[in-house]
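**Q** sequence first, predicted coordinates after that:
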Amino acid sequence: MEFAQSKHAISTLLAGVQWLFFLFTNTVLVPLSIGHALGLDAPDLAASMQRSFILTGILCIVQALWGHRLALMDGPAGVWWGLVLGIIASAPTMGMDAATVAANLTGGFILSSILAMALTLFGFLKLLQRIFTPIVMGVYLLLLTFQLANTFFKGLIGFNEEGKWDLKLAGLSLFVMVVVSLIHMKGKGKIGQFSLLGGLVIGWIAYAALFGQHDGTASANTGSLAIWNWMPWGKPSFEPGILLVGLVAGLVNMTNTLTSLTAAGKLYQQNIENKRFVRSLLFTKSFSVIGACFGLIPFGTFASSIGFLENTKVLRRAAFVLGAALLVLVGIVPALSHWLATLPMSVGSAVLFIAYLQMFGTAIRSFTLTSFNDKTIYRVALPVLTGIGIMNIPASAFADFPPLWSPIFSNGLIVGVIVAIVMEVAIRWETFESKPAKQANQ
């Protein structure tokens, strides 16, 4: 009995560490990139990273215990991440400096989060569930897979601003991908569940052997108390244009929760009650308001967690809570933040690239209950290919668009989902579905 308990404890610990790397890798680049865009100095940038780790970890624990009660990551929302970077880049064309934009973004974060909570309490979620059909969810997951795969593929090959890639680094990444795949497919028993952790450790060691010590993405060296600067982006302002874009982004971000919990419910073989959707959204938006007061972008439920869960097969909440608690510890202890920041992003990208392959299967399974023919294929092909097409167009091509709307129209994921929703609402697809064989033969 004691041996079995010890074995279970070790398994949970390893799964928790694996979750830690997943949470860290999906969090670290957001405050880093936004901090650089806003021109923050090193101490403020480090403090922003620590705050992000702590609040993300606490939110994940709260969600797992009292919110949706699933092992799903909640962290800095990808939809907001892209929009914020786009708005900051457009600041000169709007006649604003970075400080003014930051203050308006803070106002947008707070107002959009409060509006989302109000809509949730007044039953908007039911309308959203009717709009977000299995086809729309499948389109969302498919485009999210393409977007993430593109991002992490560039990372694993060392793609730089000059449009070149590092062949030696790409070779190492290929080796890491093979290691992760072999452990996942060939590993017996619980070994296969730790394929991502095994790939990270082996890849990290191999990187150090080939390239020497890595300096990391950033160094966090701020004291645990000094990091809590109230309104570091300035007093909230409310510029109408930024508010409008923020409200749109807030509504789109709500679909992350809907998609994630619906897909996770199938994985857990559970029927997710409406109250769990509501609790999840309320916790996410409450933390988004708190985060905005400390210079962080709004939070969202990560649909990409589904790919991680399907790859590892570790559905235990205990392991997830442990990983989230470790992330909080990383934020509190600057030395741990600095150590994890030395993880080569090429290795992390290679591991996550394999993890997100599973999400492709989840997206495809969303379409299995639909009968496709030469007409109904439009309901999937048009939004997906439109979204992919936009993803492959440089952001500079949207320079002539209105500055505030450019970040939305240049986002293939958002445009693809909007197209899918419009087509689902406007067209009665059942009239185009294939007729029964006996009618076809008459």
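**A** Here it is on my side, so go on.

**Q** name the SS class of Leu385, please.
**A** helix (DSSP: H, G, I helix; E, B strand; the rest coil).

**Q** can you tell me how far it sits from Gly412?
**A** 10 Å (C-beta to C-beta, to the nearest Å). Yep, even glycine has a C-beta here, placed from its N, CA and C like the rest.

**Q** quick one: low-confidence parts of the stretch 151-300 of the chain?
**A** For the stretch 151-300 of the chain, the stretches with pLDDT under 70 are 161, 188-190, 213-226.

**Q** what ranges do the strands span in it?
**A** Along the stretch 151-300 of the chain, counting by DSSP state E, counting those that start in this stretch, strands occupy 299-301.

**Q** please enumerate the helices of it.
**A** 167-186, 195-211, 240-268, 274-292 (DSSP state H, counting those that start in this stretch).

**Q** columns mean neighbour count on top of those, output as a markdown table?
**A** As requested, those are arranged in a markdown table below (neighbours: other C-beta atoms under 10 Å):
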| stretch | mean neighbour count |
| --- | --- |
| helix 167-186 | 17 |
| helix 195-211 | 19 |
| helix 240-268 | 21 |
| helix 274-292 | 21 |
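
**Q** now these in JSON lines, with distance to Phe398?
**A** Listed next are those as JSON lines, based on distance: least, C-beta to C-beta, whole Å:
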{"stretch": "helix 167-186", "distance to Phe398": "30"}
{"stretch": "helix 195-211", "distance to Phe398": "35"}
{"stretch": "helix 240-268", "distance to Phe398": "14"}
{"stretch": "helix 274-292", "distance to Phe398": "26"}
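
**Q** nearest to Leu59 among those would be which one?
**A** Closest to Leu59 of the helices of the stretch 151-300 of the chain is helix 274-292 (C-beta to C-beta; 4.6 Å).

**Q** output the contacting helices and strands for the closest one.
**A** helix 42-66, strand 74-76, helix 98-121, helix 124-131, helix 240-268, strand 299-301 (3 or more C-beta pairs under 8 Å, 6 or more residues apart in numbering; DSSP states H and E).

**Q** look at Leu385 and Gly412 and report which has more neighbours.
**A** Set Leu385 next to Gly412 and count neighbours by other C-beta atoms under 10 Å: Gly412 wins out with 23 against 13.

**Q** roughly how far does that one sit from Thr376?
**A** 22 Å.

**Q** Leu45 now?
**A** 50 Å.

**Q** do the same with Phe194
**A** Phe194 is 42 Å from Thr376, by C-beta to C-beta.

**Q** just Phe353 next, same as before
**A** 32 Å.

**Q** for the nearest residue to Ala89 once chain neighbours are set aside, which residues are in contact?
**A** Among residues not flanking Ala89 along the chain, Ala37 sits closest, at 7.2 Å (C-beta to C-beta, 6 or more residues apart in numbering). Neighbouring residues of Ala37 by C-beta atoms under 8 Å, 6 or more residues apart in numbering: 84-85, 88-89, 98.

**Q** okay, those in JSON lines with distance to Gly203, pLDDT and neighbour count next?
**A** Putting the contacts of Ala37 into JSON lines (distance: C-beta to C-beta, whole Å; pLDDT from 0 to 100; neighbours: other C-beta atoms under 10 Å) gives the following:
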{"residue": "Val84", "distance to Gly203": "30", "pLDDT": "85", "neighbour count": "27"}
{"residue": "Leu85", "distance to Gly203": "28", "pLDDT": "81", "neighbour count": "19"}
{"residue": "Ile88", "distance to Gly203": "32", "pLDDT": "82", "neighbour count": "21"}
{"residue": "Ala89", "distance to Gly203": "32", "pLDDT": "76", "neighbour count": "15"}
{"residue": "Ala98", "distance to Gly203": "36", "pLDDT": "78", "neighbour count": "15"}
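
**Q** reformat the residues you listed as CSV; add secondary structure.
**A** Below are these laid out as CSV (three-state DSSP):
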residue, secondary structure
Val84, helix
Leu85, helix
Ile88, helix
Ala89, helix
Ala98, helix
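
**Q** need the residues you listed in a markdown table (columns: distance to Met177).
**A** As requested, those are exported to a markdown table (distance: C-beta to C-beta, whole Å):
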| residue | distance to Met177 |
| --- | --- |
| Val84 | 31 |
| Leu85 | 28 |
| Ile88 | 33 |
| Ala89 | 32 |
| Ala98 | 38 |
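
**Q** which one of these is nearest Gly198?
**A** Leu85 (33.1 Å).

**Q** please name the residues that touch that closest one.
**A** Contacts of Leu85 (C-beta under 8 Å, 6+ apart): 33-34, 37, 407.

**Q** likewise Tyr356?
**A** Here Tyr356 is in contact with 145, 148-149, 152, 304, 307 (C-beta under 8 Å, 6+ apart).

**Q** quick one: what helix or strand has the nearest residue to it once chain neighbours are set aside in it?
**A** Distances taken as C-beta to C-beta, 6+ apart place Gly307 nearest to Tyr356, at 4.4 Å, with adjacent residues excluded. Using DSSP states H and E, Gly307 sits in helix 305-312.

**Q** what's that helix in contact with?
**A** 15, 18, 22, 71-73, 141, 145, 184, 193-196, 260, 263-264, 267, 315, 354-359, 361-362.

**Q** re earlier: quickly find the element holding the residue nearest to Ala89.
**A** Using DSSP H and E, the element containing Ala37 is helix 2-38.

**Q** tell me the angle of that helix relative to helix 42-66?
**A** For helix 2-38 against helix 42-66, the angle by axes from the mean of the first three to the mean of the last three C-alpha atoms, to 10 degrees is 140 degrees.

**Q** quick check: buried residues in helix 2-38?
**A** 11-12, 14-32, 34-35, 37-38 (16 or more other C-beta atoms under 10 Å).

**Q** could you do stretch 37-53 as well?
**A** For stretch 37-53, by 16+ other C-beta under 10 Å, it's 37-38, 40, 44-53.

**Q** run the chain-centre distance for it.
**A** Distance of stretch 37-53 from the chain centroid (C-alpha atoms, centre = their mean, to the nearest Å) equals 20 Å.

**Q** what does stretch 90-97 give?
**A** 28 Å.

**Q** start and end of it, how far apart?
**A** 10 Å (C-alpha to C-alpha, to the nearest Å).

**Q** tell me where the stretch 301-442 of the chain has helices.
**A** 305-312, 317-332, 334-340, 345-355, 357-365, 378-391, 406-409, 412-426, 437-440.

**Q** is it true that Val248 touches Ile408?
**A** Yes: Val248 lies in contact with Ile408 (C-beta atoms under 8 Å); the separation is 6.5 Å.

**Q** now the contacts of Tyr356 in a markdown table, with distance to Ile110 and neighbour count?
**A** Listed next are the contacts of Tyr356 as a markdown table, based on distance: C-beta to C-beta, whole Å; neighbours: other C-beta atoms under 10 Å:
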| residue | distance to Ile110 | neighbour count |
| --- | --- | --- |
| Thr145 | 31 | 22 |
| Leu148 | 28 | 22 |
| Ala149 | 33 | 16 |
| Phe152 | 31 | 23 |
| Ser304 | 26 | 26 |
| Gly307 | 31 | 26 |
